[in-house]
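Participant: below is the sequence, then the predicted model.
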Amino acid sequence: MHRPYRTLAASLIAAGLMMSSAVASAAVNVELGIGPPPPRYEVVPAPRSGYVWAPGYWDYAGHNHVWRKGHWEREHHGEHYVAGGWSEHDGKWHLDRGHWDH
């Protein structure tokens, strides 16, 4: 392999690793001593073939709760979507941002 191609290949691999680490960190769950605001209610659109509705939820960004609107997720065959939300365990609030499960 010629030197320019090795440099390009190494750069692409490094970029891919940085992107995958950014995606992984976005999926990290949050733990707080305070709960979210009351839920907002959204109108759920009519079903859409090949998609699953992911309902909105209170996220936590920076130092504030932020409402994330519901959205369509392309269906994952053999999996089901688990909606995001908060739960309390031993005085700590835990956020699951939603995910696909088998």
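Facilitator: Nice, thanks for sending it over. Numbering: from 1, shown residues only.

Participant: so where's the chain shaky on pLDDT?
Facilitator: 1-29 (pLDDT under 70).

Participant: tell me where it has strands.
Facilitator: For the chain, applying DSSP state E gives strands covering 30-32, 51-54, 57-61, 64-68, 71-74, 80-82, 85-89, 92-96, 99-101.

Participant: quick one: those strands as a markdown table, columns for mean neighbour count too.
Facilitator: For glycine as for every other residue, the C-beta is placed from the backbone atoms N, C-alpha and C. Shown next, in a markdown table, are those (neighbours: other C-beta atoms under 10 Å):
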| stretch | mean neighbour count |
| --- | --- |
| strand 30-32 | 13 |
| strand 51-54 | 17 |
| strand 57-61 | 17 |
| strand 64-68 | 13 |
| strand 71-74 | 11 |
| strand 80-82 | 13 |
| strand 85-89 | 12 |
| strand 92-96 | 15 |
| strand 99-101 | 12 |
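
Participant: okay, those strands in JSON lines with distance to residue 38 next?
Facilitator: Listed next are those as JSON lines, based on distance: least, C-beta to C-beta, whole Å:
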{"stretch": "strand 30-32", "distance to residue 38": "16"}
{"stretch": "strand 51-54", "distance to residue 38": "20"}
{"stretch": "strand 57-61", "distance to residue 38": "9"}
{"stretch": "strand 64-68", "distance to residue 38": "11"}
{"stretch": "strand 71-74", "distance to residue 38": "21"}
{"stretch": "strand 80-82", "distance to residue 38": "22"}
{"stretch": "strand 85-89", "distance to residue 38": "11"}
{"stretch": "strand 92-96", "distance to residue 38": "14"}
{"stretch": "strand 99-101", "distance to residue 38": "24"}
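
Participant: among those, which comes closest to residue 45?
Facilitator: strand 51-54 (6.7 Å; C-beta to C-beta).
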